[in-house]
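Participant: quick one, structure for this:
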Amino acid sequence: MPQPLYPPARPQSIGEVLDSGFAIFRRSLVSCLPYGFLSVIGYQLPHLLAGRPFREFAQHDPVWWAEYALGLLISMVFFDAVLLRQRALACAQPVGASGELRTALRQLGRLVVLLVLLAIGFIVATLLLIIPGLYLGVAWLFALPALVLEELGPIDALVYSQGLVWGYWWRTALIFNVVFAVLVALYASLGVAVGVVVAFTGMADLAVVTAVSAAVGAVIATVVMPFLAALLLAAYGELRVRREGLDLERRASAALAS
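Facilitator: Residues are numbered from 1 along each chain as shown. Sure thing, here's the model as predicted:
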């Protein structure tokens with residue numbers, strides 16, 4: 001039986017948190033690819049059904065906002081399912097799509113409220129000053145896993161996330177800056193690859209180049225989603241160990257079981 005990866009056995013260094021995230025990603029990638037694909041398709045579904053591509057941002061267009069909200073919710077349902085599956089796999093527990101999707105759909109109402117609260121909080125904090133917005137961007141990083149995995153209410157999830165990050169803000173920010181750098185490098189390599197293909201094949205049709213770029217981007221996004229979820233889960237579990245001593249609980253349970 002594979003060793004549990006979540007929560008970690010003890011508080012970890014930044015490098016160990018990243019290693020744990022990559023380990024969860026490797027263990028769960030194949031199993032989570034369908035969810036990643038469905039999330040990407042779900043985000044684009046309203047536009048695909050309308051028979052046209054995703055429109056550019058239109059601040060005063062209610063149809064744009066409705067399409068964006070619907071696509072985001074569909075995508076988030078599958079992202080929640082990724083988190084649930086990764087936790088099960090990281091804990092070496094059985095997985096089941098019906099239970100994961102049922103749980104994600106049951107939490108949809110709370111998810112909507114959480115997203116609204118996050119948007120309001122970020123907008124207000126950023127309007128007041130940029131720094132509060134940056135602070136909340138890190139302090140509320142774990143509100144989603146708290147809501148999905150612990151089944152907390154939206155406000156409780158925000159408070160819980162902020163409590164986890166308190167005193168570890170810079171450390172958490174550094175972890176996700178590394179993740180962001182990895183993603184930037186990945187998408188930069190995508191741009192280079194498309195440029196090389198265009199140069200060697202002589203594709204001059206902008207529509208063809210755009211279609212190829214979109215297809216490759218969708219493939220990468222399918223993989224990126226479980227990657228982000230795995231790093232989020234690893235950092236979330238490590239902070240819970242630091243704050244709540246979950247490693248001690250697990251050791252006590254193992255001792256009683258033996």
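Participant: which strands or helices does the helix or strand where residue 177 lies pack on?
Facilitator: Following DSSP states H and E, one finds residue 177 within helix 169-201. Where contact means 3 or more Cβ pairs under 8 Å, 6 or more residues apart in numbering; DSSP states H and E, helix 169-201 is packed against helix 14-49, helix 130-139, helix 206-244. The C-beta positions use only the backbone N, C-alpha and C, and glycine is treated the same way.
Participant: to residue 6, which of those helices lies closest?
Facilitator: Residue 6 lies closest to helix 206-244 among the helices and strands packed on helix 169-201, at 4.6 Å (Cβ to Cβ).
Participant: so which other helices or strands are in contact with that closest one?
Facilitator: helix 14-49, helix 62-90, helix 143-150, helix 154-165, helix 169-201, helix 246-257.
Participant: if you set the cut-off to 7 Å instead, what comes out?
Facilitator: If you count contacts as 3 or more Cβ pairs under 7 Å, 6 or more residues apart in numbering; DSSP states H and E, helix 206-244 packs onto helix 14-49, helix 62-90, helix 143-150, helix 154-165, helix 169-201.
Participant: let me have the ones you listed in TSV, extended by mean neighbour count and mean pLDDT.
Facilitator: TSV is the format used below for those (neighbours: other Cβ atoms under 10 Å; pLDDT from 0 to 100):
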stretch	mean neighbour count	mean pLDDT
helix 14-49	18	88
helix 62-90	20	88
helix 143-150	23	96
helix 154-165	20	96
helix 169-201	13	82
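Participant: for those, which one sits closest to residue 117?
Facilitator: helix 154-165 (5.6 Å).
Participant: mind listing what the spatially closest residue to residue 232 that is not a sequence neighbour touches?
Facilitator: Nearest residue to residue 232, sequence neighbours excluded (Cβ to Cβ, 6 or more residues apart in numbering): residue 145, at 6.1 Å. Neighbour list for residue 145: 83, 232-233, 236 [criterion: Cβ atoms under 7 Å, 6 or more residues apart in numbering].
Participant: same check, this time on residue 148
Facilitator: 80, 83-84, 107.
Participant: picking up where we left off before, ok now the helix holding residue 177, how far from the chain's centre?
Facilitator: 16 Å (Cα atoms, centre = their mean, to the nearest Å).
Participant: what does stretch 230-247 give?
Facilitator: For stretch 230-247, the distance to the chain centre is 16 Å (Cα atoms, centre = their mean).
Participant: now what about it, what contacts it?
Facilitator: By Cβ under 7 Å, 6+ apart, stretch 230-247 touches 6-12, 17, 20-21, 24-25, 28, 83, 86-87, 90, 142, 145, 164, 168, 172, 175, 179.
Participant: as CSV, could you dump the C-alpha coordinates of it?
Facilitator: What follows is stretch 230-247, C-alpha atoms only, in CSV (Å, rounded to 0.1, in the frame of the first residue of the first chain):
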residue,chain,number,x,y,z
ALA,A,230,-1.8,19.1,-5.6
LEU,A,231,0.4,22.0,-4.5
LEU,A,232,-2.6,23.7,-2.8
LEU,A,233,-3.4,20.4,-0.9
ALA,A,234,0.2,19.9,0.1
ALA,A,235,0.6,23.5,1.5
TYR,A,236,-2.8,23.3,3.2
GLY,A,237,-2.0,20.0,4.9
GLU,A,238,1.4,21.2,6.1
LEU,A,239,-0.1,24.3,7.7
ARG,A,240,-2.7,22.2,9.4
VAL,A,241,0.0,20.1,10.8
ARG,A,242,1.8,23.2,12.1
ARG,A,243,-1.4,24.7,13.6
GLU,A,244,-3.3,21.6,14.8
GLY,A,245,-0.7,18.9,15.3
LEU,A,246,-2.4,16.4,12.9
ASP,A,247,0.8,14.4,12.7
